[in-house]
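Participant: structural data only, the sequence is not supplied:
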């Protein structure tokens with residue numbers, strides 16, 4: 001990575017954007033100039049990067065003049081409006097929103113799983129949903145070695161999955177509850193929803209809006225994104241997947257219970273050994289000594305932690321595991337910076353193909 005690049009971070013002051021700045025600072029990417037872009041209310045704020053104090057600027061189409069790489073996490077509509085402008089000006093964009101994920105012309109990348117798809121970009125690469133990322137990192141080594149037939153996942157997703165506003169609401173509600181004060185909910189389960197419920201000392205079996213089939217949009221995202229990443233087709237019938245997504249009262253890091261079936265019949269020790277050798281995976285699995293992943297212990301890490309690996313007692317070729325990762329790092333900012341590193345390693349920063357296909 002001897003060449004240097006001009007990088008822009010769109011949504012730099014948000015929960016994910018601030019971590020993008022930190023992850024970029026810790027990466028091997030040579031940054032000749034960093035542009036911090038955000039909405040008007042954040043203009044003028046100061047942020048640190050590799051010993052420099054940088055000023056946040058308003059995000060406009062001309063902000064991307066001369067930019068090589070854009071890391072974006074400013075909301076779907078902002079990405080829809082500004083990323084095509086960045087591409088037209090020669091940048092390649094890594095988008096953390098859901099806006100482009102299901103576009104057939106946009107690769108959906110988790111470097112540990114489908115890094116070979118990076119060069120198929122047309123100027124935009126999508127960063128998957130946070131809960132999808134940690135699950136596919138944990139399951140892909142199993143898929144490669146033993147075959148994967150079905151996934152049933154239940155998630156335990158932190159308030160931080162709703163951004164800084166979700167974390168603040170959790171703290172505010174918890175403080176009010178403990179002080180015997182009225183609890184006012186304004187954000188969760190969906191900011192624009194008709195009803196809001198407390199997350200402090202509560203569980204919410206709704207993340208995002210409900211679709212016509214009674215699944216939430218978050219659950220649909222996990223299903224279709226996993227198929228696109230692992231099978232190359234968001235509607236693939238090769239792999240059966242279903243999900244139940246639940247918001248839980250912790251600030252950061254998502255947990256997932258994953259039930260899966262395989263084509264071969266490995267032992268739980270076989271799976272554990274396979275995962276121990278897998279990139280990006282940390283195995284913490286010693287039940288006799290109560291060793292297993294916990295959200296409080298993974299905050300700030302870019303790894304995916306796996307434990308409680310065991311064979312199902314009732315069904316052959318069926319297994320369970322417990323997966324935990326920092327949703328703002330591995331589930332968002334860290335994965336995006338990993339993609340940027342791979343983009344550079346593959347010499348694909350300025351090798352986008354016919355970007356007009358995205359914006360017709």
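Facilitator: Arrived safely. These figures come from a predicted structure and were not determined experimentally.
Participant: switch to C-alpha atoms for all contacts and neighbour counts from now on
Facilitator: Fine.
Participant: strands along the stretch 151-300 of the chain, start to end?
Facilitator: 240-247, 254-262, 281-283 (DSSP state E, counting those that start in this stretch).
Participant: any chance of these in TSV, with mean neighbour count, mean pLDDT and distance to residue 16 too?
Facilitator: Shown next, in TSV, are the strands of the stretch 151-300 of the chain (neighbours: other C-alpha atoms under 10 Å; pLDDT from 0 to 100; distance: least, C-alpha to C-alpha, whole Å):
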stretch	mean neighbour count	mean pLDDT	distance to residue 16
strand 240-247	19	98	18
strand 254-262	22	98	15
strand 281-283	21	98	22
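Participant: a markdown table please, covering these and showing distance to residue 320.
Facilitator: What follows is the strands of the stretch 151-300 of the chain, written out as a markdown table (distance: least, C-alpha to C-alpha, whole Å):
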| stretch | distance to residue 320 |
| --- | --- |
| strand 240-247 | 14 |
| strand 254-262 | 5 |
| strand 281-283 | 14 |
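Participant: neighbouring contacts of the helix or strand hosting residue 310?
Facilitator: Secondary structure assignment for residue 310, by DSSP states H and E: strand 304-311. Outside of strand 304-311, the residues within contact range by C-alpha atoms under 8 Å, 6 or more residues apart in numbering are 134, 137-138, 267-268, 271-272, 280-287, 291-293, 298, 317-326, 330.
Participant: among the strands of the stretch 151-300 of the chain, which comes closest to residue 71?
Facilitator: strand 254-262 (22.3 Å; C-alpha to C-alpha).
Participant: out of the contacts of strand 304-311, which are buried?
Facilitator: 134, 137-138, 268, 271-272, 280-285, 292-293, 298, 317-326, 330 (16 or more other C-alpha atoms under 10 Å).
Participant: about what we covered before: which one, of the strands of the stretch 151-300 of the chain, ends up nearest to residue 72?
Facilitator: Nearest of the strands of the stretch 151-300 of the chain (C-alpha to C-alpha): strand 254-262, 21.4 Å.
Participant: quick one on the thing from earlier: just the ones of the contacts of strand 304-311 in helices?
Facilitator: 134, 137, 138, 268, 271, 272, 298 (DSSP state H).
Participant: and the furthest pair within the residues you listed?
Facilitator: 268 and 298 (23.4 Å).
Participant: low-scoring pLDDT stretches of the stretch 201-350 of the chain, where are they?
Facilitator: Judged by pLDDT under 70, the stretch 201-350 of the chain has no weakly predicted residues.
Participant: 80 - rerun?
Facilitator: Residue ranges of the stretch 201-350 of the chain with pLDDT under 80: 350.
Participant: how far away is the nearest residue to residue 85 once chain neighbours are set aside from residue 328?
Facilitator: In space, and not counting its chain neighbours, residue 85 is closest to residue 61: 5.6 Å by C-alpha to C-alpha, 6 or more residues apart in numbering. Separation of residue 61 from residue 328 (C-alpha to C-alpha, to the nearest Å) stands at 27 Å.
Participant: so for those two, which residue has more residues nearby?
Facilitator: residue 328 (27 against 15; other C-alpha atoms under 10 Å).
Participant: spatially nearest residue to the more buried one, not counting backbone neighbours?
Facilitator: Using C-alpha to C-alpha, 6+ apart and skipping residues adjacent in sequence, the residue nearest residue 328 is residue 16, 5.8 Å away.
Participant: that neighbour and residue 327, how far apart?
Facilitator: If you go by C-alpha to C-alpha, the gap between residue 16 and residue 327 works out to 9 Å.
Participant: neighbour count: the two, which is higher?
Facilitator: Counting neighbours by other C-alpha under 10 Å for residue 16 and for residue 327 shows that residue 327 has the greater number, 32 against 26.
Participant: gap between that one and residue 122?
Facilitator: Using C-alpha to C-alpha, residue 327 is found at 27 Å from residue 122.
Participant: what sits against residue 126?
Facilitator: 94, 95, 96, 97, 98, 100, 101, 106, 107, 108, 109.
Participant: if we use 7 Å, what do you get?
Facilitator: For residue 126, the contacting residues are 94, 95, 96, 100, 101, 106, 107, 108, 109, by C-alpha atoms under 7 Å, 6 or more residues apart in numbering.
Participant: pretty sure the second one contacts residue 127?
Facilitator: Yes - under the criterion of C-alpha atoms under 7 Å, residue 95 lies in contact with residue 127, with a separation of 5.7 Å.
Participant: tell me, how many neighbours does the closest residue to residue 332 other than its chain neighbours end up with?
Facilitator: In this structure, residue 332 finds its nearest non-sequential neighbour in residue 130, 6.0 Å apart by C-alpha to C-alpha, 6+ apart. By other C-alpha under 10 Å, 24 other residues sit near residue 130.
Participant: next one: the one 3 residues further on
Facilitator: Residue neighbour count, defined by other C-alpha under 10 Å, stands at 27 for residue 133.
Participant: chain neighbours aside, what residue packs nearest to it?
Facilitator: Nearest to residue 133 is residue 331, by C-alpha to C-alpha, 6+ apart, at 5.8 Å.
Participant: and the one you found, how far is that from residue 196?
Facilitator: With C-alpha to C-alpha as the criterion, residue 331 and residue 196 are 25 Å apart.
Participant: and for residue 121?
Facilitator: In terms of C-alpha to C-alpha, residue 121 sits 39 Å off from residue 196.
Participant: then residue 89?
Facilitator: To residue 196, residue 89 is 41 Å away according to C-alpha to C-alpha.
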